[in-house]
Structures are given as C-alpha cells and as structure tokens.
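Novice: Could you work out the structure for the sequence below:
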Amino acid sequence: MHKLSLTAATLCLVAQLATAQIKLPSPSPGASVMQTIGTTDITVTYSRPSLKGRQPFTDSFVPLGKVWRTGANSPTMLTTSTDLMVGGKKLAAGSYAVLSIPQDGNATLIFSKNKETTEATYKQEEDALRVNLTPAELPEKVETFTIGFSDLTDSTAKLNFMWANVKASADLRVDVNANSAANVDKAVAEKPDDAAVLMAAASYNVSKGRNLDQSLTWIDKSIAKQETYRNLYVKSQILAKMGKYAEAAPLAQKALSVGQASNDQIFPFFKDAIQKSITEYTSKVPAAVPDVKAGKGKKKA
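Specialist: The predicted structure follows:
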C-alpha cells in the first residue's frame, strides 16, 4: 500500500511538471524600453532575435517586401500615454502592434489596432497608421535586433530600429503644451479643494499666459485655504500678467514679508525672484496725475 501511494504521488508530480509553464531561456529574449518625451510615456515591448551567422532581409530570413512582426515571438507592442505624431502623422493614445515591411532602400512602419496580429493574420484594414522610413547603413554590425530612442528633446525624439548593418528611424513629436494644460485641468478637476494643486495649476497657467481669470479664481481659493508666500507670489504674477501692477506690487511685497517670517528652507530660492518682481511691478505702476495741473484751473487774483 505504501509503495502504491508513492507511485501515485510521483505520477501527480510528473503531470504537474508537464502542464506547468516553466520559464526557460529563449533564443529571442523579451525586452522592454520606455521613454518619456515631455509628459508623454512611450513603451515598446518586443522580442530580440540575433543574427547567429544569418543575414536578415533576404528570402530565407525576414524577407524583403513582406510583413514582419518587427521582432520575434509575440507581437511587438507600442503604447503611448498621449496622442503622438509619428513621421508627421497622428497616432492616437493607446496600444498598437508594430509591424513593418522592409524593402530595398526603404521600409514601411505599421501600427495595427489588432494587438494580436502577426505576419500570418495581418490585415491592412486594421492599420491605425502607416509611415514610410528610409533606412541608413550602420558603421558597425548590430548582432541582436534593437529598438531604442535617441535625439531626445522636451517634445521630440527618434524611434530607432537597428539590426545587422541597417538602421531605420521614425521621427516622434508630442504636443507638450496641450498635454500639460490637459494635465493641469485634470488635476484641478480631481482635487478642486487642494490648496497645493490649485497653486500649481495657477502657476503653470500664468507661466503660459493662459486662462488668467480662471487662474485668479484658483489662487484666491488656495490663499483662502492656506496663505503662503508662494501662493501670494503666484497671485502677484497673475495680476501683473493682467496689467494690474498697482495690485501686484503690494501683494509681492506681502509675499516677501511672509516668506521671511516663515523659516521655510526653500524660501531663499524664491527671495531674489520676488524682490526682482517687486522692483519691476513698482516701476510699472502709473504715476498719479493731479486733477488740476500747476498754474491751471486757478482763478486770477
């Protein structure tokens, strides 16, 4: 009986091992690369085949003129957190399967709405976007297929595909101002009574010169909840932006006084800017004009 029990346990273990998903080395290991451009997060997830003595873009290995999943194993995926311009064309926020058609001297980059599509199931009517690329020759051979980002600014980047002696790049661009403004409005909508959020939102708006009346409402609400040198200074900036220097100057002076009495370790970083603003606002306050100028309006003796 004891022997039979051991045999049954062994059979169960064998069955478990046979059905379990065991992680083993892959000839084309998975990879993920994430890049933030401005306020936009872009993530590419793909598998990386290696040359291993082969030459890609030939009839026998990733043939020219045919759809390729732009990697190996599962479909290559790109996710963008906001709308994105790729090669001057709009790609809406979301996730897409990335395919391509390599050609001799050019290539077509495809973003498919069907996130499960591969070479065998690809349908052009499921395309979200197609962009033409011009490959360039690399000075050194890249053994393992690589996707990455380069030439980064606060609103642009290049999405690079590199393998063997070939590199193809897509120009990316995001609308940083529109995205930031949307983030500001969303933050206030989600936390309309948060003094810090209201101040930050008003501060962003005044830096861009947008929605000043709304920003004034936000900063007044922030001050009412908790008056600080920072929100007082932001209000002075809004008023100055509106041309109300006579109101902005004393408010900036109050921000300076509150800051000096606050013992806030961050205040020294604001002090010079506040003092400079006081000087600027004061210089722009119109001089008082007397109702009756000297020598005029007086009766003769």
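
Novice: can we go C-alpha only for contacts and neighbour counts from here?
Specialist: Fine.

Novice: which residues of the protein score low on pLDDT?
Specialist: Segments of the chain classed as low confidence (criterion: pLDDT under 70) are 1-21, 287-301.

Novice: Let me know the next secondary structure element after the strand with the most length in it.
Specialist: Ranked by residue count under DSSP state E, the longest strand found in the chain is strand 156-173. Heading C-terminal from strand 156-173, the first helix or strand you meet, by DSSP states H and E, is helix 176-190.

Novice: That next one to strand 156-173, inter-axis angle?
Specialist: With axes from the mean of the first three to the mean of the last three Cα atoms, to 10 degrees as the criterion, the two stretches helix 176-190 and strand 156-173 enclose an angle of 90 degrees.

Novice: Need the residues that contact the longest strand of the chain.
Specialist: When contacts are defined by Cα atoms under 8 Å, 6 or more residues apart in numbering, strand 156-173 is touched by residues 37, 51, 55-56, 84-88, 107, 133-152, 155, 174.

Novice: Strands - which of those residues land there?
Specialist: For these, the ones inside strands are 37, 84-86, 107, 133, 136-150, with DSSP E as the criterion.

Novice: what sits opposite the spatially closest residue to residue 148 that is not a sequence neighbour in the beta ladder?
Specialist: Setting aside the residues directly before and after it, residue 148 is nearest to residue 160 in space (Cα to Cα, 6 or more residues apart in numbering), at 5.2 Å. When bridges are called by DSSP bridges, residue 160 pairs up with residue 148, residue 169.

Novice: gap between residue 160 and residue 178?
Specialist: 26 Å (Cα to Cα, to the nearest Å).

Novice: Now do the phi/psi pair for the most centrally placed residue in the chain.
Specialist: Most central residue of the chain, judged by C-alpha distance to the mean C-alpha position with Cα atoms, centre = their mean, is residue 40 at 1.7 Å. Residue 40 has phi and psi values of phi -100, psi 130 when expressed as degrees, to the nearest 10.
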